[in-house]
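Q: Structure of the sequence below:
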Amino acid sequence: MDLELRHLKIVRAVADAGSLTRAATALGLAQPALSAQLKRIERALGGALFVRGREGVRATALGELVLDRARVLLPAVCELQEEAVRFARQGAEGYRLGGTHGPLLGALVDRLARREPGVPVTTHTSWSEREIAAGVADGRLDFALVGVCGESAPPGPGRLAWSEVARDPVCVMLAEDHPLVGRREVELAALAAEAWTDVPGDGCFGDCFAAACVRAGFTPACVYETDTASCVHLVQVGRAVGLCRATFPVTPGVAVRPLAAAPLVWRHLLGWHPAAPAADRAAEVLEHARTAHARAQAASASRAAARDGRPEGAAPAVEPA
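A: Below you'll find the predicted structure:
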């Protein structure tokens with residue numbers, strides 16, 4: 001006889017009740033039937049699990065070993081079953097999206113909500129791409145919308161399926177009265193004396209940025225790592241220059257310019273678990289994410305052109321170096 005979870009439940013019930021009579025009542029069995037099952041379990045495990053006496057039953061050394069394992073396994077299996085049911089139900093009823101900072105997550109939520117107004121869409125945000133990927137891997141989220149630097153591997157390699165949504169050159173945010181605003185693009189070396197600001201993350205972007213600066217002939221003297229709103233404020237008041245993507249919305253007091261030769265590239269990725277129910281909707285969600293990115297990029301370029309008083313798609317006049 002192979003040991004099954006129901007056998008462990010019987011052993012635990014006998015130990016908790018302290019007698020076969022009380023255990024049989026709790027399990028809804030006749031005492032002879034419970035005694036017969038317990039004997040089969042003991043034969044399968046190779047020895048007696050309980051010593052029977054006038055005062056009830058007491059676990060043997062082997063019984064204590066089995067009970068120790070049962071007290072770990074039974075709650076774990078119960079939790080697994082509950083999580084699996086919850087995962088399957090939520091995956092079928094709505095969209096659970098995880099993402100890092102940036103406007104693309106909001107744009108994707110808007111598209112899904114418009115397309116399926118009766119279907120709930122929930123979100124979870126974190127600075128950690130690894131945390132978001134882990135949430136998809138263990139069933140707490142359906143999709144991860146994250147980014148990686150250049151050709152870097154996505155978080156959680158081998159566990160999730162990933163598709164590229166889009167690629168953005170990394171741009172620089174300048175105060176609107178910064179001396180370099182008039183340039184069509186800004187050389188990274190021209191920013192050597194600046195303080196920098198950027199949002200945190202657990203990917204390799206910080207290392208890639210530092211390496212790009214070294215190639216440009218300098219090491220950043222100061223980098224303020226903080227939330228998006230604080231990054232924008234530091235740029236607006238001229239305390240620092242910042243890094244952003246092409247989809248960064250036009251913001252009063254801030255001008256966005258490409259970095260010459262695109263030394264840094266950001267890849268937007270959508271990830272999902274290939275065995276989860278949500279995998280059936282991955283192609284549709286990916287298409288929504290790509291459309292959301294394209295529209296956010298176009299809107300950002302249009303607003304920037306309007307603010308600068310130039311035709312849409314035209315670059316600002318070039319200031320002599």
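Q: okay, CA-based contacts and neighbour counts for the rest of this
A: Fine.
Q: What lies in contact with stretch 112-121?
A: When contacts are defined by Cα atoms under 8 Å, 6 or more residues apart in numbering, stretch 112-121 is touched by residues 93-97, 109, 285, 288.
Q: Could you export it as PDB, CA atoms only?
A: Once side chains and other backbone atoms are set aside, the C-alpha atoms of stretch 112-121 remain, and they are given as PDB (Å, rounded to 0.1, in the frame of the first residue of the first chain):
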ATOM      1  CA  LEU A 112      -7.700  46.300 -21.200                       C
ATOM      2  CA  ALA A 113     -10.400  48.100 -19.200                       C
ATOM      3  CA  ARG A 114     -11.700  49.800 -22.400                       C
ATOM      4  CA  ARG A 115     -11.700  46.500 -24.400                       C
ATOM      5  CA  GLU A 116     -13.300  44.400 -21.700                       C
ATOM      6  CA  PRO A 117     -15.200  46.800 -19.400                       C
ATOM      7  CA  GLY A 118     -16.800  44.000 -17.300                       C
ATOM      8  CA  VAL A 119     -13.500  42.300 -16.500                       C
ATOM      9  CA  PRO A 120     -11.500  43.400 -13.500                       C
ATOM     10  CA  VAL A 121      -7.900  44.600 -13.900                       C
END
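Q: any idea of the mean pLDDT for it?
A: Mean pLDDT, computed over stretch 112-121, is 90.
Q: Could you pull out the buried residues of it?
A: 112, 121 (16 or more other Cα atoms under 10 Å).
Q: Format the contacts of stretch 112-121 as CSV; extra columns: secondary structure.
A: CSV is the format used below for the contacts of stretch 112-121 (DSSP: H, G, I helix; E, B strand; the rest coil):
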residue, secondary structure
93, helix
94, coil
95, strand
96, strand
97, strand
109, helix
285, helix
288, helix
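Q: what about burial for those residues, which qualify?
A: For these, burial is judged from neighbour counts taken by 16+ other Cα under 10 Å, and it is met by 94-97, 109, 285, 288.
Q: Can you give me the distance of the residue most central in space within the chain to residue 160?
A: For the chain, the residue whose C-alpha lies nearest the mean C-alpha position (Cα atoms, centre = their mean) is residue 132; its distance is 1.0 Å. In this structure, residue 132 and residue 160 are separated by 11 Å, where distance is defined by Cα to Cα, to the nearest Å.
Q: anything in contact with each of those two?
A: Overlap between the contact sets of residue 132 and residue 160, as judged by Cα under 8 Å, 6+ apart, is nil.
Q: for residue 183, phi and psi?
A: Dihedral pair for residue 183: phi -80, psi 150, per degrees, to the nearest 10.
Q: what about the helices in the stretch 101-250 of the chain?
A: Listed in chain order, the helices of the stretch 101-250 of the chain (DSSP state H, counting those that start in this stretch) span residues 103-115, 129-137, 205-215, 228-236.
Q: which two in the contacts of stretch 112-121 are spaced the farthest apart?
A: Maximum pairwise distance among the contacts of stretch 112-121 (Cα to Cα): 18.1 Å, between 93 and 288.
Q: Which parts of this protein are strands?
A: Under the criterion DSSP state E, the chain contains strands at 50-53, 56-59, 95-99, 121-125, 143-149, 161-169, 171-175, 196-198, 223-225, 241-244, 254-258, 265-272.
Q: Is it possible to get CSV of those strands that adds distance to residue 31?
A: Listed next are the strands of the chain as CSV, based on distance: least, Cα to Cα, whole Å:
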stretch, distance to residue 31
strand 50-53, 14
strand 56-59, 13
strand 95-99, 49
strand 121-125, 51
strand 143-149, 51
strand 161-169, 53
strand 171-175, 76
strand 196-198, 69
strand 223-225, 68
strand 241-244, 72
strand 254-258, 79
strand 265-272, 50
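Q: Out of the ones you listed, flag the one nearest residue 292.
A: Across these, closest to residue 292 is strand 161-169 (Cα to Cα), at 9.6 Å.
Q: Packing partners of that closest one?
A: Judged by 3 or more Cα pairs under 8 Å, 6 or more residues apart in numbering; DSSP states H and E, strand 161-169 is in contact with strand 265-272, helix 282-308.
Q: that older thread, looking at the buried ones among the contacts of stretch 112-121, which one is closest to residue 76?
A: Using Cα to Cα, residue 96 is the member of those that lies nearest residue 76, at 24.3 Å.
Q: which residues does that closest one bridge with?
A: For residue 96, the beta-bridge partners under DSSP bridges are residue 122.
Q: could I get the contacts of stretch 112-121 as a markdown table with distance to residue 185 and pLDDT?
A: Output for the contacts of stretch 112-121, formatted as a markdown table (distance: Cα to Cα, whole Å; pLDDT from 0 to 100):
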| residue | distance to residue 185 | pLDDT |
| --- | --- | --- |
| 93 | 46 | 67 |
| 94 | 43 | 85 |
| 95 | 39 | 92 |
| 96 | 38 | 94 |
| 97 | 35 | 96 |
| 109 | 32 | 93 |
| 285 | 34 | 96 |
| 288 | 31 | 95 |
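Q: closest to residue 68 among those residues?
A: Within those, the smallest distance to residue 68 is 37.0 Å, found for residue 96 (Cα to Cα).
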